[in-house]
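Asks: One predicted model, sequence on top.
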Amino acid sequence: MMHLRTRALGCALLLLAASWRAAPALGQTVPATSRAAESRQLSIFDALGMAEQTCDDIAIARAGVARTEGQRIRARSTFFPQVYASASYIRTLKTQYASLAAADSLGPKPCNSYVVDPSKPIDQRVSLLEGALGCSSFNFGDLPFGRPNNWNLGLAASWNVFNGGRDLANVRSATAQRHSAEVGLTAARAQLMLDITQAYYNAVLSDRLVGISVATLAQADSTLRQTQLARQVGNSPEFDLLRAQVTRDNQVPVVIQRRSDRDIAYQRLRQLLNIPQDQSLVLTTDLGDSTAAPGTKLASLLTETPDTATEVRAPVRQAVENVKASDEAFTAARAQRWPSFTISSAYGRVAYPGTVFPTWSSFLDNWTLTGALQFPLFLGGAIKGDEQVARANQEEAQARLNQMRKLAALDTRTALSQLASAQAMWDASSGTAEQASRAYQIAEVRYREGISTQTELSDSRIQLQQAQANRAQAARDLQVAKMRLALIRDLPLSTGVGGTATLTASPPLAVPSPSTTTRPPTTNTGQQIPGVVTSQNTLGVTP
């Protein structure tokens with residue numbers, strides 16, 4: 001029975017090894033289609049350079065800047081006269097004046113010119129005068145009423161001379177909103193750089209953890225072969241063989257989980273960079289060399305001393321601009337109580353030709369100049385309501401500014417604390433991996449020579465795996481913490497406001513016992529970053 005189980009486990013390992021040989025190298029994933037693209041070399045500098053061109057958040061922020069600029073231009077246009085030109089043509093099909101025009105179509109009554117003749121008697125002169133008065137050449141059809149063709153060319157201009165400062169307040173409010181949108185665009189760019197840095201180093205870390213888990217599996221498999229050989233010659237008890245088999249078998253799902261976590265990390269990176277999911281990537285930047293290329297924008301950014309003052313933080317600057325905008329909105333609402341004075345002028349030329357198209361000489365002039373003074377006497381409380389709404393917005397904006405200042409101070413201190421913690425963890429892990437590797441080599445020799453137990457060898461292997469994982473995790477946390485502090489001036493708050501995820505350094509990976517399983521910790525990016533999963537003692541025997 002024991003022999004059959006050993007053969008079955010051997011076959012399973014052969015299949016797993018064959019799948020590893022067929023799988024792509026570290027940092028690559030199996031393409032989804034048969035026409036997989038060639039591997040793409042990608043450094044952290046390349047990722048940061050190409051991110052802004054395809055990021056939807058940046059496009060949204062740019063649209064916000066363009067929208068607020070349009071609102072500012074629209075508000076500023078009220079300072080200038082508004083000039084309109086118009087042209088219209090009216091074709092009259094039926095009119096109420098048609099009967100009058102028909103009566104006039106009979107023509108005027110025939111009459112002679114009245115000539116005063118003093119020699120005639122008074123009664124004859126009166127008769128001639130009355131006849132002359134009753135005879136007229138007036139034709140109703142000459143009037144514009146009901147004419148079939150009506151042309152009207154117009155030019156109108158109006159200028160709001162005074163309205164209590166409402167226009168000026170609207171312009172200032174729109175300008176503050178535009179400044180706020182520009183700060184939002186800067187914050188979106190900074191957040192994108194931080195997201196790319198996190199995703200990139202998460203993928204590099206997942207590559208490193210896959211390598212550690214594969215190496216640990218190879219060590220466990222080597223120990224199993226040595227134990228099987230010792231068992232065959234009678235130098236090892238059955239308990240050691242069972243323990244070696246369980247340790248090796250428990251490491252297989254760890255490798256599978258690490259590969260799955262790596263695929264997720266790479267998918268997240270491809271999504272941020274708008275790279276096809278079937279594109280194979282090879283990450284060329286190691287966890288410890290983000291400043292290896294001197295002269296780059298990233299290197300200069302990481303070497304500059306960050307400005308951690310509260311008032312220069314992007315959320316605080318945005319809140320200040322929002323306060324300015326709300327103050328000006330209240331001023332505009334209160335200005336409605338003042339009278340407004342407007343000057344307008346309209347110039348037009350009209351024509352009523354007998355044909356469809358008139359001649360220029362047939363047009364007549366109309367020109368008016370108007371000065372209008374409007375004073376609000378009673379509007380049913382509309383102005384008071386507008387003032388109350390503007391006052392509430394003003395108070396809310398001021399409260400949010402105070403809140404942003406407090407949260408920005410907390411967020412800055414958190415970033416400094418995270419950097420100090422990441423640096424301390426990196427310094428503490430320095431040399432530990434090398435020492436653990438040396439200790440495992442010694443333990444392996446001692447076990448092979450029969451002067452130590454398998455428990456000692458398993459403990460050394462677990463400590464080596466833990467030390468390597470801690471070193472890689474500390475490198476990732478240090479790089480992310482450095483980037484966050486370098487971008488702290490323009491980053492949004494990450495301390496629980498506005499739905500922004502809190503960026504926290506990953507906790508240290510504690511050294512587990514051989515009979516425990518440590519679940520992978522998660523980061524704020526929503527992606528699982530694998531920790532160290534150790535072999536579980538399924539036999540229930542405490543070593």
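Replies: Right, received. Where do you want to start?
Asks: What is the distance between the helix or strand containing A474 and the centre of its chain?
Replies: Here A474 sits within helix 454-486, counting by DSSP states H and E. In terms of C-alpha atoms, centre = their mean, to the nearest Å, the gap separating the centre of helix 454-486 from the centre of its chain is 33 Å.
Asks: what packs against it?
Replies: Packed against helix 454-486 by the contact rule (3 or more C-beta pairs under 8 Å, 6 or more residues apart in numbering; DSSP states H and E) you find helix 166-233, helix 238-273, helix 297-303, helix 382-429, helix 432-448. Using the backbone N, CA and C atoms, a C-beta is placed for each residue, glycine as well.
Asks: The first one packs against which elements?
Replies: Using 3+ C-beta pairs under 8 Å, 6+ apart as the contact criterion, the elements in contact with helix 166-233 are helix 2-22, helix 44-54, helix 56-76, helix 238-273, strand 281-283, helix 314-334, helix 432-448, helix 454-486.
Asks: and the shortest one, which strands flank it?
Replies: By that I understand strand 281-283. Sheet pairing of strand 281-283 (DSSP bridges) gives strand 40-42 (parallel).
Asks: May I see the buried residues of the strand it pairs with?
Replies: In terms of neighbour count (16 or more other C-beta atoms under 10 Å), strand 40-42 has its buried residues at L42.
Asks: pLDDT on it, on average?
Replies: Regarding strand 40-42, the rounded mean pLDDT is 89.
Asks: Run through who's touching that strand.
Replies: Strand 40-42 has contacts (C-beta atoms under 8 Å, 6 or more residues apart in numbering) with I275, Q279, S280, L281, V282, L283, T284.
Asks: repeat for stretch 82-101
Replies: 140-141, 145-159.
Asks: relative to its centroid, which residue of the chain is most remote?
Replies: S119 (104.7 Å; C-alpha atoms, centre = their mean).
Asks: Using the three-state scheme, assign that residue.
Replies: coil (DSSP: H, G, I helix; E, B strand; the rest coil).
Asks: ok, now how distant is it from S127?
Replies: Applying C-beta to C-beta, to the nearest Å, the value for S119 to S127 is 15 Å.
Asks: Repeat that for Y447.
Replies: Applying C-beta to C-beta to Y447 and S127 gives a distance of 152 Å.
Asks: Excluding chain neighbours, give the residue nearest to the residue most central in space within the chain in space.
Replies: Central residue of the chain (C-alpha atoms, centre = their mean): D57, 2.2 Å from the mean position. Spatially, and ignoring its direct neighbours in sequence, D57 is nearest to A188 (5.0 Å; C-beta to C-beta, 6 or more residues apart in numbering).
Asks: Please apply the same query to A190.
Replies: Using C-beta to C-beta, 6+ apart and skipping the chain neighbours, the partner closest in space to A190 is D490 (3.8 Å).
Asks: Same question for Q374.
Replies: In space, and not counting its chain neighbours, Q374 is closest to S340: 5.0 Å by C-beta to C-beta, 6+ apart.
Asks: So what's the residue count around the one you found?
Replies: 17 (other C-beta atoms under 10 Å).
Asks: ok, now which ones touch it?
Replies: Under the criterion of C-beta under 8 Å, 6+ apart, the contact list for S340 reads N160, F162, N163, G164, L373, Q374.
Asks: Return the closest of those with respect to W360.
Replies: N160 (34.0 Å; C-beta to C-beta).
Asks: With R76 as the reference, measure out to that closest one.
Replies: 13 Å.
Asks: now swap in S345 and tell me
Replies: When C-beta to C-beta is the yardstick, S345 and R76 sit 22 Å from each other.
Asks: re the thing from before, what's the separation between the residue nearest to Q374 and R147?
Replies: To R147, S340 is 39 Å away according to C-beta to C-beta.
Asks: Ok, T370 next?
Replies: Counting by C-beta to C-beta, the gap from T370 to R147 is 27 Å.
Asks: what about the two, which has more around it?
Replies: Neighbours were counted for T370 and for R147 using other C-beta under 10 Å; R147 has more, 18 against 10.
Asks: Am I right that the more buried one is in contact with A351?
Replies: No - with contact defined as C-beta atoms under 8 Å, R147 does not count as touching A351 (9.5 Å).
Asks: List buried residues within the contacts of strand 40-42.
Replies: I275, Q279, S280, L281, L283.
Asks: How much space separates the fourth one from V312?
Replies: Computed as C-beta to C-beta, the L281 to V312 distance reads 36 Å.
Asks: Ok, the second one next?
Replies: Relative to V312, Q279 is positioned 39 Å away (criterion: C-beta to C-beta).
Asks: again with the first one
Replies: For I275, the distance to V312 equals 34 Å [C-beta to C-beta].
Asks: what does stretch 384-398 contact?
Replies: By C-beta under 8 Å, 6+ apart, stretch 384-398 touches A319, N322, V323, A325, S326, D327, A329, F330, A332, A333, R334, Q336.
Asks: Of Y447 and S127, which one has the most company?
Replies: The neighbour comparison of Y447 against S127 (other C-beta under 10 Å) goes to Y447, with 22 against 12.
Asks: OK, contacts around the more buried one?
Replies: If you count contacts by C-beta under 8 Å, 6+ apart, then Y447 has T223, Q226, T453, Q454, E456, L457 around it.
Asks: Three-state assignment for L369, please.
Replies: L369 ends up strand, using three-state DSSP.
Asks: With adjacent residues omitted, what lies nearest to it?
Replies: Once flanking residues are discounted, L369 sits nearest to S345: 4.8 Å by C-beta to C-beta, 6+ apart.
Asks: Quick check: phi and psi at that neighbour.
Replies: In terms of degrees, to the nearest 10, the main-chain angles of S345 are phi -140, psi 140.
Asks: how many neighbours does it have?
Replies: Neighbourhood size, S345 [other C-beta under 10 Å]: 16.
Asks: now it: how far from V161?
Replies: For S345, the distance to V161 - C-beta to C-beta - is 13 Å.
Asks: what do you get for Q198?
Replies: 57 Å.
Asks: if you count what's nearby, which of the two comes out ahead?
Replies: Q198 (24 against 12).
Asks: thinking the more buried one is in contact with Q479, fair?
Replies: No - at 9.1 Å, Q198 does not count as touching Q479 under the criterion of C-beta under 8 Å.
Asks: tell me the contacts of R72?
Replies: R72 sits in contact with V171, A174, T175, Q177, R178, where contact means C-beta under 8 Å, 6+ apart.
Asks: Near the residue lying closest to T432 once chain neighbours are set aside, how many other residues are there?
Replies: Spatial nearest neighbour of T432, excluding adjacent residues (C-beta to C-beta, 6+ apart): A467 at 4.6 Å. Residues near A467, counting by other C-beta under 10 Å, number 24.
Asks: Any regions of the protein where pLDDT drops low?
Replies: Scanning the chain for pLDDT under 70 picks out 1-37, 99-116, 128-145, 289-304, 495-543.
Asks: ok, now with 80
Replies: 1-38, 51-54, 95-147, 234-236, 288-307, 354, 450, 452-455, 494-543 (pLDDT under 80).
Asks: what's the longest strand in it?
Replies: strand 149-162 (DSSP state E).
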